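Visitor: Got a predicted structure here, sequence first:
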Amino acid sequence: MMIKKGMFFGVFLLFLSFLLTGCRSGMGTGTEEFSRSGFYFDTSISIKIYDEQGEALLKKCFSLCNDLEYTFSRTLRDSELYQVNHRSENQVEISDDLANVIGLGLEYGRKTNGAFDITICPVAELWDFKSEDPEVPSAEALKEALEKVDYTSVHLNENTLTFDRSDTMLDLGAIAKGYAADQLKKLLLEANVKSAVINLGGNVQTIGAKPDGTPWNVGIQKPFAPSGETLAVVEVTDQSVVCTGVYERYFDLDGKRYHHVLDPKTGYPVETDLDQITIICGESALADVLSTSCLLLGEEQAKALLEENGFSNTWLHLDERCAMIKQ
């Protein structure tokens, strides 16, 4: 038995280090730079702010990250989502943040005819892509878990969430980072920040341009290549860049590759003609849900979904199995 594992970030900011905590420096423009890194949303995150309020704003940003972690985590016992998944009644009142993300997830469940399904949690819990000795779940276990997967059994009316089944559980991992990036950007814009960049584990959200007025350079990871090897570099100003790829978390076992993008119809990694989708647009939550949805659907259906969302005629092949879409 041979096991090989891999984990990469989909996108990364070029020529800027995110490894320093509480760093203050400059870019030769007279604008002071403040940066901080941490670990939230099951990934390493970093924020850079070019503003004299930077130190205080970083504290507010990381406080918000902590709050959102305890909203969306499905593993932290004190999180709101954990409490929803382990509810005693099938009707619960939820926060605005949780309602916003669940609402977006249910919307894309409908738009993709169930290819994107936030009730995938029982299946996702059977797969461990971080294990030192990963295993493929048994067919029997997957069949039992799949019986609990059905986004149409979940109903949201403002802040009231109703479940048809007591065993339905939600996984918001395909949206939560994007939503968090948007909320962080909102916080900084309300403080009148003109230049900043938010990196949530490869989900990059930018505010404005660099202090010198030039665009941010964002590298797109080449699938299955060493981390940091670029497939392409894009210039963005005041936009988000989000990738979803089958190379992000995977393991090879006995000659077959198993990746983390799971098909809610089969319980196994989705069979797709795409290795990676990159979405560039203003809203990171939208980019997050679209990148995953497109990967699940495959190229032909993905193009139809993108046209429905105003991304017409923007499909660019980076290679035969990777595409970039810009709004």
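Guide: That came through, no problem.
Visitor: Surely Val270 and His260 touch.
Guide: No: the pair Val270 / His260 is not scored as a contact, 10.0 Å apart, by Cβ atoms under 8 Å. C-beta coordinates here come from the backbone N, C-alpha and C atoms, glycine included.
Visitor: quick one: low-confidence parts of the protein?
Guide: Scanning the chain for pLDDT under 70 picks out 1-30.
Visitor: now do 80
Guide: 1-31, 202, 312-313 (pLDDT under 80).
Visitor: Tell me where the stretch 151-300 of the chain has helices.
Guide: Using DSSP state H, counting those that start in this stretch, the helices of the stretch 151-300 of the chain run over 176-190, 284-297, 299-308.
Visitor: closest one to Ile49 among those?
Guide: Smallest distance to Ile49 across these (Cβ to Cβ): 6.8 Å, for helix 176-190.
Visitor: what helices or strands is the closest one leaning on?
Guide: For helix 176-190, the packing partners by 3 or more Cβ pairs under 8 Å, 6 or more residues apart in numbering; DSSP states H and E come out as strand 43-50, helix 54-72, helix 96-111, strand 196-200, strand 203-207, strand 240-245, helix 284-297.
Visitor: If we use 7 Å, what do you get?
Guide: Packing partners of helix 176-190 (3 or more Cβ pairs under 7 Å, 6 or more residues apart in numbering; DSSP states H and E): helix 54-72, helix 96-111, strand 196-200, strand 203-207, helix 284-297.
Visitor: Now tabulate these in JSON lines and tack on mean neighbour count.
Guide: What follows is the helices and strands packed on helix 176-190, written out as JSON lines (neighbours: other Cβ atoms under 10 Å):
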{"stretch": "helix 54-72", "mean neighbour count": "18"}
{"stretch": "helix 96-111", "mean neighbour count": "19"}
{"stretch": "strand 196-200", "mean neighbour count": "25"}
{"stretch": "strand 203-207", "mean neighbour count": "27"}
{"stretch": "helix 284-297", "mean neighbour count": "26"}
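Visitor: ok, back up a step: present the helices of the stretch 151-300 of the chain as CSV; the columns should include distance to Cys243.
Guide: CSV is the format used below for the helices of the stretch 151-300 of the chain (distance: least, Cβ to Cβ, whole Å):
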stretch, distance to Cys243
helix 176-190, 12
helix 284-297, 6
helix 299-308, 14
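Visitor: how about the ones you listed, which one is nearest Ala225?
Guide: Of all those, it is helix 284-297 that lies closest to Ala225, at 18.1 Å by Cβ to Cβ.
Visitor: I figured Ser166 was touching Asn90, is that so?
Guide: Yes: using Cβ atoms under 7 Å, Ser166 is in contact with Asn90, at 5.9 Å.
Visitor: So between these two, which is more surrounded?
Guide: Counted by other Cβ atoms under 10 Å, Ser166 and Asn90 do not tie: Asn90 has more neighbours, with 13 against 10.
Visitor: OK, contacts around the more buried one?
Guide: Taking Cβ atoms under 7 Å, 6 or more residues apart in numbering, we find Asn90 in contact with Thr162, Phe163, Ser166.
Visitor: now do Ile325
Guide: Contacts for Ile325 were tallied using Cβ under 7 Å, 6+ apart; they are Thr278, Ile279, Ile280, Leu306, Phe311, Thr314, Trp315.
Visitor: Sort out which one of these lies nearest Val197 for me.
Guide: Taking Cβ to Cβ as the measure, Ile280 is the one of these closest to Val197, at 14.2 Å.
Visitor: Send over stretch 220-233 as CSV, restricted to the C-alpha atoms.
Guide: As requested, C-alpha coordinates have been extracted for stretch 220-233 and formatted as CSV (Å, rounded to 0.1, in the frame of the first residue of the first chain):
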residue,chain,number,x,y,z
ILE,A,220,-2.3,31.0,-8.8
GLN,A,221,-0.9,27.7,-7.6
LYS,A,222,0.0,25.2,-10.3
PRO,A,223,-1.9,22.0,-9.4
PHE,A,224,0.2,19.2,-7.9
ALA,A,225,3.4,21.3,-8.2
PRO,A,226,5.5,22.3,-5.2
SER,A,227,3.8,25.0,-3.1
GLY,A,228,4.4,28.5,-4.5
GLU,A,229,5.0,27.3,-8.1
THR,A,230,2.7,29.5,-10.2
LEU,A,231,0.4,28.6,-13.1
ALA,A,232,-0.4,32.3,-13.7
VAL,A,233,-0.1,35.7,-12.0
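Visitor: Much appreciated, bye for now.
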